[in-house]
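Peer 1: structural data only, the sequence is not supplied:
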Ligand SMILES: [Zn+2]
């Protein structure tokens, strides 16, 4: 198993001011990413697999963010790439 990408982010709901979190990881041999979300808006937890679309492709006009949606309410988290984070977390493994 090779970890290709992992990130953990704290989410905050603008309307309720509650905090939640999201964890995303993807193994090199899988074509999906596993997403664990704890929604700050409705407080529900979900663990799901989603088709992996390269979120952070290098290049000048690349997409620097991707979106994770809560399936229970209309909360959408915008995940922006943090430089070096993926590599750092990989070493901890
Ligand atoms: Zn929600």
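Peer 2: Thanks, I have it. The structure presented is a predicted model; accordingly, all values stated were derived computationally and were not measured.

Peer 1: which residues of the chain fall in strands?
Peer 2: Counting by DSSP state E, residue ranges of the strands within the chain are 3-12, 19-27, 32-38, 45-51, 65-69, 76-80.

Peer 1: okay, the ones you listed in a markdown table with mean neighbour count next?
Peer 2: (Each C-beta comes from the backbone N, C-alpha and C, glycine too.) Putting the strands of the chain into a markdown table (neighbours: other CB atoms under 10 Å) gives the following:
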| stretch | mean neighbour count |
| --- | --- |
| strand 3-12 | 16 |
| strand 19-27 | 18 |
| strand 32-38 | 18 |
| strand 45-51 | 11 |
| strand 65-69 | 14 |
| strand 76-80 | 15 |
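
Peer 1: could I get those as a markdown table with mean pLDDT?
Peer 2: Listed next are these as a markdown table, based on pLDDT from 0 to 100:
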| stretch | mean pLDDT |
| --- | --- |
| strand 3-12 | 91 |
| strand 19-27 | 94 |
| strand 32-38 | 94 |
| strand 45-51 | 93 |
| strand 65-69 | 82 |
| strand 76-80 | 85 |
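
Peer 1: now render the ones you listed as a markdown table, adding distance to the ion.
Peer 2: As requested, these are exported to a markdown table (distance: least, CB to the ion, whole Å):
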| stretch | distance to the ion |
| --- | --- |
| strand 3-12 | 10 |
| strand 19-27 | 8 |
| strand 32-38 | 8 |
| strand 45-51 | 8 |
| strand 65-69 | 9 |
| strand 76-80 | 10 |
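
Peer 1: residue 13 contacts residue 76, doesn't it?
Peer 2: No: assessed by CB atoms under 8 Å, residue 13 is found out of contact with residue 76, at 10.8 Å.

Peer 1: from residue 65, how far out is the residue nearest to the spatial centre of the chain?
Peer 2: Centroid-nearest residue in the chain, with CA atoms, centre = their mean: residue 24, separated by 4.1 Å. Distance of residue 24 to residue 65, computed by CB to CB, to the nearest Å: 12 Å.
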